[in-house]
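1. this one's sequence-less:
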């Protein structure tokens with residue numbers, strides 16, 4: 001980890017379908033906005049190692065390998 005980013009904390013809200021990721025980043029708001037709105041800066045920020053990230057028509061796309069028994073578009077291990 002470098003000096004500009006701390007480890008992320010991930011929380012699942014038990015009362016709502018929300019997963020909240022929090023991370024402290026040593027940057028000014030304008031830099032963060034730019035990194036979230038320019039595809040060439042956004043892609044390196046999203047997803048863990050091993051996940052291919054892209055931007056298609058302004059939306060992030062993630063291409064993760066499927067786990068054993070997982071069917072694309074379903075919850076892990078669910079039958080299609």
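-> Thanks, I have it. Keep in mind the model is a prediction, meaning the values are calculated, not measured. Numbering: from 1, shown residues only.
2. and the helices in the protein?
-> Remark: helices assigned in the chain by DSSP state H are 29-37, 39-42.
3. okay, those helices in CSV with mean pLDDT and mean neighbour count next?
-> All C-beta spots, glycine's among them, are computed from the backbone N, C-alpha and C. Shown next, in CSV, are those (pLDDT from 0 to 100; neighbours: other C-beta atoms under 10 Å):
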stretch, mean pLDDT, mean neighbour count
helix 29-37, 88, 11
helix 39-42, 80, 12
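4. in contact with residue 13, which residues?
-> Contacts for residue 13 (C-beta atoms under 8 Å, 6 or more residues apart in numbering) come out as 19-20.
5. what's across from it in the sheet?
-> residue 18 (DSSP bridges).
6. in this protein, where is pLDDT below threshold?
-> Within the chain, the stretches with pLDDT under 70 are 1-6, 47-49, 58, 60, 62, 64-80.
7. tell me how many other residues crowd residue 17.
-> Using other C-beta atoms under 10 Å, residue 17 has 6 other residues around it.
8. now it. Its backbone dihedrals?
-> phi -80, psi 70 (degrees, to the nearest 10).
9. reformat the helices of the chain as JSON lines; add distance to residue 23.
-> Below are these laid out as JSON lines (distance: least, C-beta to C-beta, whole Å):
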{"stretch": "helix 29-37", "distance to residue 23": "11"}
{"stretch": "helix 39-42", "distance to residue 23": "15"}
